[in-house]
Structures are given as C-alpha cells and as structure tokens.
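The following block contains a protein sequence and its predicted model.
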Amino acid sequence: MNATTHKAGGLTRAHAGLRVQTLVRLRWLAILGQLLALFVVRYQLGFALPFWPALFLVLLSVWLNIVLLLRFPAGARLSENAATGVLAFDIVQLALLLYLTGGLANPFALLFLAPVTVSATVLSTQRTLALGLLTLVLVSLLAVFHLPLPWYPDRPLALPRLYIFGMWMALVSGIGFTGLYVHRIAKEARQMETALAATELALARQQQLYALDGLAAAAAHELSTPLATIAVVSQELRGACLNDCAPADNSEKTQVCEDLELIAEQAARCREILARLADHRAGRRDEMLAQVRTSALLEEIVDPLRGPDLTIALDIGPENGGNEREPVIRRDPGILYGLNNIIENACDFAEREVRIEARWDDERISLTISDDGPGFAEDIISRLGEPYVTTRAHRLHGPVDPEEDGPGSGMGLGFFIAKTLLERTGATISIANRPLPEHGAIVRIDWPRAAIEAVASEWKTTGKESAHESA
C-alpha cells in the first residue's frame, strides 16, 4: 500500500511508512513476552488470574500477525490507515490484558509507551495525537476499573490510591513526553532527508546546464568532419553537373545543380555555426566555461533581475590597501545557484533598491547583499538556513510546517539549498537586518580567496591569449 503524501510549495514529500516486516517482528516479540508472563504467573508463581480470557486476547494478536504476513509482502509498507489500525488494536489489547490483571498496579502498564513511540516515529502528527488520546483514555479508565492484581491469596495486596494516581501521572507524562520527543526527532530527520535530496537535485540540474556548453563543443567537434565531407562532395558534384549542362538548358539537370549548390551553401553555414560553438583555442574555451571574473559573474546574475521599478547597484572593488587584481573564480554550479537564489530573494522583497558589494584582499573575497525591504523577522532569523524555515511571501511570517500548511505555503528550501551549496565551496554566510532607522536585510558571504579562485597560471594564460585574439 502506498505511503501517505503531503504537498507543499510544489514539492511532494512522503512519510516513509511502517514496514510490515518490522511491525510483525515487534509484535511477535510483544506476543512472546505476553505469553511468557501469563504462563509464569499461572504455573510458576501459582497466582489466580483469568488465564483463558487473557490467552484469548494474546491469540487475537497472533491471528492479526498471521493476517499481516499473508496479506502483505514482507517488504511492503503499510498505509497510515492500516498502521494506525494495527497500533490502535495493540493499545486496546494491552488495555484489556491489564484490565484482567490489576490495571495500573500491574508493572507491565509501562508497555503503553511502545505503540505510541512507534506511531510518533512513522505516522503523521494527527494520527499520533489520536493514538495518544486513545491511550490516555484507556489509562484513565484502568486507574478506576480493573480486576485484582494476581497475588498471593493469603497476603492480599492493596495499593494506596495515591500510588495508583502516581502511576497514572507517570504514564501520562511518559506518553506525552516520549511521543512528542520521538515525533519531533523523526520529523526533523525526514525534513532534512527531503531537503538534502532537493539540494542534490538542484545541484545536479545546475551541473547539467553547466555541462551543456561542453557537450555543444564536443558535438561541434564530432560534426565538423562529416560536414566537411558533405561540403567537398557537394562541390564536386555541382562542378560535374555544371559541366554537363548547357547555359540555356532548363532541364532537370539544371534543377539538380541548383539543389547541389544549396546543399553546399547550407553545409558551409552549418560549419560556421559549429565554429562559433567550438572554438578550438584553449584560452577562449577555458575563459567561457571554466572561470569568470567576479564582476562578470555578478552582472550575469543580476542582469535578468533588473526592472523599471527596481535598482540593482553593484559596488565592486578591492579592500583598502588590498590586492588590486580582481579575482577570477571558478564557474562552480554551487556558487552560481546559491548567489542567484540569494540575490533573487533580495529582489523579491526589496521596495526600490538592492545593493551588492563585492570586496577582496589577498586572503578573502566577500559579497554583501542588502535590500530595503521589511527585513528578517527576529524570531526566525537565527533559524534561517534550516530546511522548511521560510519568510515567503513576507519576511515577518514564521516557520512553515510542510505537513500542515497548504499548497500555497513556501517550502523554505530555497535558502537552505543556497546556503548548503555555498558552504560546500568554503563560504561562510551571516544574516542580519540593517540597523535602525534603516530597514531591510543583509546577507554577507565570505570565502577564503584560495578556495574559489582559479589557478593563477590558468587565468594568466587566458589573459594573454585573449589579448592576442583582440590584437
């Protein structure tokens, strides 16, 4: 059966679901424990208890395990409805066993934690709350209604009400705390897994785009030989055809000559196009595909974002007394995607202006991106960069729960992906609001210069070849 899915912000996420094999093994363990407890109490200790009704309840659990094994393959995952039903059965079955054997005075009442913990690990918040509520109701009933605890007949055991109340409080607290804690940990693990998968997908797409230039060059190189052959053969055929045709001949031969001339022209045109795609001079190819100056990279990113109602101001230069040479950095897909996402986000929230300041010295390269929008909300600014923490469509909104918010909610993955990809390149990212009375957000990105700068010998060679080409 399919696992339940949740959609938010266009990204579909699925609960992992509860594997039948895992559930059945856990239930066999519980069944063996229940049978062992019944037989030890009845035959080893000799205590009187409703043995056959209790055994019948255990056999019901055995029957359900067999049904699960016959109905589902071992590797299948139960839907939320099926898993909820099985766990609800286990809670009710345990409650009935405890009713027959002393209620909350029975130390095995602690086992109520097991199904709630399993639910908190794999099921949604609503299902876990429902099962937790069912457990609390049954625990409360067992505190009042139950048969006597099996004990020595000549030494009756009468536990004080205060002790029973303490057991009830302990179970209620344990169920609530354990369920909430386990559910939160499992939920964060699922979110992180999905967010990292989205990050890998974004990086893979960026790398595919980056590889298109190389593929185009490779295709141009491979196609150049057959196109040259076509051009030579068509020219030879055209020459032979012209020699056979009279000047005033309007026959079919003349039409063939014209077609051969057209083929030669189109072949020459294809070779010109491929020559532009595949420049065999290493300097130009390296400059275009492998490295780029910082100013050119920023212009490449901001140019599509400029508009009549938005000013994007670039301030690019060395730090005071720093290295005058502008950094030439590797054209890394992670840098391109991360910077584009952060700058686009600033443009979305800006009222009139976005400022991008690039500075460098001998050791570091830094970018500061600021806008004049509403800024970041103080209650989430420390959590930005975590998955599913978003400020879209307004920075004053709080974090998003992708399992509970609707399809219109932002997923909060964009900044997480950008931050993750940039940090992989060695960047350090800091977030702040502009000091009052100004308003807006500031994102600062710092790299060690050696982490992203192209090898000096490469850019020097490229510069010489570029100068030679210009001459």
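Ah, there it is. Keep in mind the model is a prediction, meaning the values are calculated, not measured.

mind listing what's buried in the host helix or strand of residue 444?
Per DSSP states H and E, residue 444 falls inside strand 441-448. Buried residues in strand 441-448, counting neighbours by 16 or more other Cβ atoms under 10 Å, are found at 441-445, 447. All C-beta atoms are positioned from the backbone trio N, CA, C, and that covers glycine.

other SSEs contacting it?
On a contact count with 3 or more Cβ pairs under 8 Å, 6 or more residues apart in numbering; DSSP states H and E, strand 441-448 meets helix 333-349, strand 364-371, strand 428-433.

got the ones you listed as TSV, with mean neighbour count columns?
Putting those into TSV (neighbours: other Cβ atoms under 10 Å) gives the following:
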stretch	mean neighbour count
helix 333-349	21
strand 364-371	21
strand 428-433	15
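
so which of the ones you listed gets nearest residue 113?
strand 428-433 (40.1 Å; Cβ to Cβ).

now that closest one, how far from the chain's geometric center?
With Cα atoms, centre = their mean, to the nearest Å as the basis, strand 428-433 stands 22 Å off its chain's centre.

likewise stretch 224-242?
In terms of Cα atoms, centre = their mean, the centre of stretch 224-242 is set 54 Å apart from its chain centre.

Ok, stretch 174-193 next?
18 Å.

for it, what is the average pLDDT?
Mean pLDDT, computed over stretch 174-193, is 79.

Likewise for stretch 382-399?
pLDDT averaged over stretch 382-399 gives 54.

one step back: could you single out the nearest of the buried residues of strand 441-448 to residue 237?
Nearest to residue 237 among those, counting by Cβ to Cβ, is residue 447 at 59.1 Å.

close enough to count as contact, the closest one and residue 364?
Yes: here residue 447 reaches residue 364: they are 6.7 Å apart, a contact under Cβ atoms under 8 Å.

Which residues are in contact with residue 109?
Going by Cβ atoms under 8 Å, 6 or more residues apart in numbering, residue 109 touches 98, 103, 139, 142, 167, 171.

actually residue 351, not the one I wrote
By Cβ under 8 Å, 6+ apart, the residues touching residue 351 are 371-373.

Then residue 94?
Counted by Cβ under 8 Å, 6+ apart, residue 94 has contacts 111-112, 115.

quick one: low-confidence ranges for the stretch 301-450 of the chain?
Within the stretch 301-450 of the chain, the segments meeting pLDDT under 70 span 321-323, 383, 385-413.

50 instead, please
Counting by pLDDT under 50, the stretch 301-450 of the chain shows low-confidence ranges at 393-411.

State whether residue 147 is indeed within a helix.
No: according to DSSP: H, G, I helix; E, B strand; the rest coil, residue 147 belongs to no helix; its state is coil.

Please enumerate the helices of the stretch 251-400 of the chain.
Taking DSSP state H, counting those that start in this stretch as the criterion, the stretch 251-400 of the chain carries its helices at 252-277, 282-289, 294-302, 333-349.

could I get the helices and strands packed on strand 441-448 as JSON lines with distance to residue 451?
As requested, the helices and strands packed on strand 441-448 are arranged in JSON lines below (distance: least, Cβ to Cβ, whole Å):
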{"stretch": "helix 333-349", "distance to residue 451": "10"}
{"stretch": "strand 364-371", "distance to residue 451": "9"}
{"stretch": "strand 428-433", "distance to residue 451": "10"}
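
can you put the contacts of residue 109 in a markdown table and add pLDDT, distance to residue 355 and secondary structure?
As requested, the contacts of residue 109 are exported to a markdown table (pLDDT from 0 to 100; distance: Cβ to Cβ, whole Å; DSSP: H, G, I helix; E, B strand; the rest coil):
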| residue | pLDDT | distance to residue 355 | secondary structure |
| --- | --- | --- | --- |
| 98 | 93 | 67 | helix |
| 103 | 90 | 69 | helix |
| 139 | 93 | 60 | helix |
| 142 | 92 | 66 | helix |
| 167 | 89 | 64 | helix |
| 171 | 90 | 59 | helix |
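
Give me the buried subset of those residues.
By neighbour count, with 16+ other Cβ under 10 Å, those hold 98, 103, 139, 142, 167, 171 as buried.

Show me which of these is closest to residue 179.
Set against residue 179, the nearest of the buried ones among the contacts of residue 109 by Cβ to Cβ is residue 171 (11.7 Å).

Which single one of the buried ones among the contacts of residue 109 is nearest to residue 381?
Residue 381 has its nearest neighbour among the buried ones among the contacts of residue 109 in residue 171, at 39.7 Å by Cβ to Cβ.

quick one: the closest one and residue 104 touch, right?
Yes: applying Cβ under 8 Å as the test, residue 171 and residue 104 come out as touching, 7.2 Å apart.

Name the residues contacting each of these two.
residue 139.

Quick one: the helices in the stretch 51-200 of the chain, in order.
Ranges of helices in the stretch 51-200 of the chain, per DSSP H, counting those that start in this stretch, are 51-71, 80-100, 113-122, 125-142, 161-244.

So which residues make contact with the third one?
Outside helix 113-122, the residues within contact range by Cβ under 8 Å, 6+ apart are 15-18, 23, 26, 30, 83-84, 87, 90-91, 94, 127-128, 131-132, 135, 171, 174-175, 178-183, 186.

redo that, cut-off 7 Å
Residues outside helix 113-122 that contact it (Cβ atoms under 7 Å, 6 or more residues apart in numbering): 15-18, 83, 87, 90-91, 127-128, 131-132, 135, 174-175, 178-179, 182-183, 186.

Domain-wise, how is this structure divided?
Following automatic domain parsing, one finds the domains of the chain at 5-159, 210-287, 290-470.

Tabulate the contacts of residue 109 (TSV), appending distance to residue 452.
Putting the contacts of residue 109 into TSV (distance: Cβ to Cβ, whole Å) gives the following:
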residue	distance to residue 452
98	64
103	67
139	59
142	64
167	62
171	57
